[in-house]
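Engineer: sequence? don't have it. structure:
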């Protein structure tokens, strides 16, 4: 009789492990790394898409339209180099950092240019929401990043709506646009707060990626 509760616990533990296991759905590591590498580089079409997405997001902040901002985040390829930073392959890391710096600089310059020429200089609520980071932003970036790397490593979720959802939830682009607004209008507190939020989001998405690939037992290449 004493062994019965132990057997029940053993069956329960086995059931939970099987339920949470990703072995059957896990994509080959070579495919996952190739998928991440494909989204890292920022030149040509990727860079132009980013620039246009920044214009769209800036217009959304100007008009206080959440729908337009969400659309811009869906267009943007900015998640690629941020996820790449979380992979511990050194050559990939260098490429990801270069692309991350390029994307950041072009994004801020584009947003600054837009807000310098737009006749609307009033800070709307959607813009103000990106000037004061909180602990919730950290948690959103962390859990969003974990969801993203699990989706990238999964054969069933890679082409689904998880990555776009992560881009929307973590809100990488609006802080960059708000940084441009602060620089264009001389409001350094807005610019500093928004850029700090952007860095927090980026760092914790990359950290979540690093944690995710270790949990999923990636091998160093």
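Structural biologist: Arrived safely. In this text, all values refer to a predicted model and were calculated from it rather than measured experimentally. Residues are numbered from 1 along each chain as shown.
Engineer: got any ranges where the chain has weak pLDDT?
Structural biologist: Residue ranges of the chain with pLDDT under 70: 1-32, 88-89, 123, 125-126, 128-129, 155-170, 215-221.
Engineer: Show me where it has its strands.
Structural biologist: All residues of the chain lie outside strands when identified by DSSP state E.
Engineer: Quick check, central residue of it?
Structural biologist: residue 79 (4.5 Å; C-alpha atoms, centre = their mean).
Engineer: Relative to residue 139, how far out is that residue?
Structural biologist: Residue 79 is 18 Å from residue 139, where distance means C-beta to C-beta, to the nearest Å. C-beta: built from backbone N, CA, C; applies to glycine.
Engineer: Could you measure from the residue nearest to the centre of the chain over to residue 181?
Structural biologist: When residue 79 is compared with residue 181 (using C-beta to C-beta), they lie 22 Å apart.
Engineer: One more: residue 132?
Structural biologist: 14 Å.
Engineer: Neighbour count for the two, which is higher?
Structural biologist: residue 181 (28 against 13; other C-beta atoms under 10 Å).
Engineer: Could you verify my assumption that that one touches residue 61?
Structural biologist: Yes - with contact defined as C-beta atoms under 8 Å, residue 181 reaches residue 61; the gap is 7.0 Å.
Engineer: okay, and the common contacts of these two?
Structural biologist: Counting by C-beta atoms under 8 Å, 6 or more residues apart in numbering, the contacts common to residue 181 and residue 61 are residue 127.
Engineer: which parts of stretch 179-193 are buried?
Structural biologist: By neighbour count on 16 or more other C-beta atoms under 10 Å, the buried set for stretch 179-193 is 179, 180, 181, 182, 183, 184, 185, 187, 190, 191, 193.
Engineer: For this structure, which segments are assigned as helices?
Structural biologist: 3-20, 29-38, 45-63, 66-75, 79-85, 90-117, 125-128, 135-152, 162-170, 173-185, 188-215 (DSSP state H).
Engineer: and those, which is most packed in?
Structural biologist: helix 173-185 (a mean of 26; mean count of other C-beta atoms under 10 Å).
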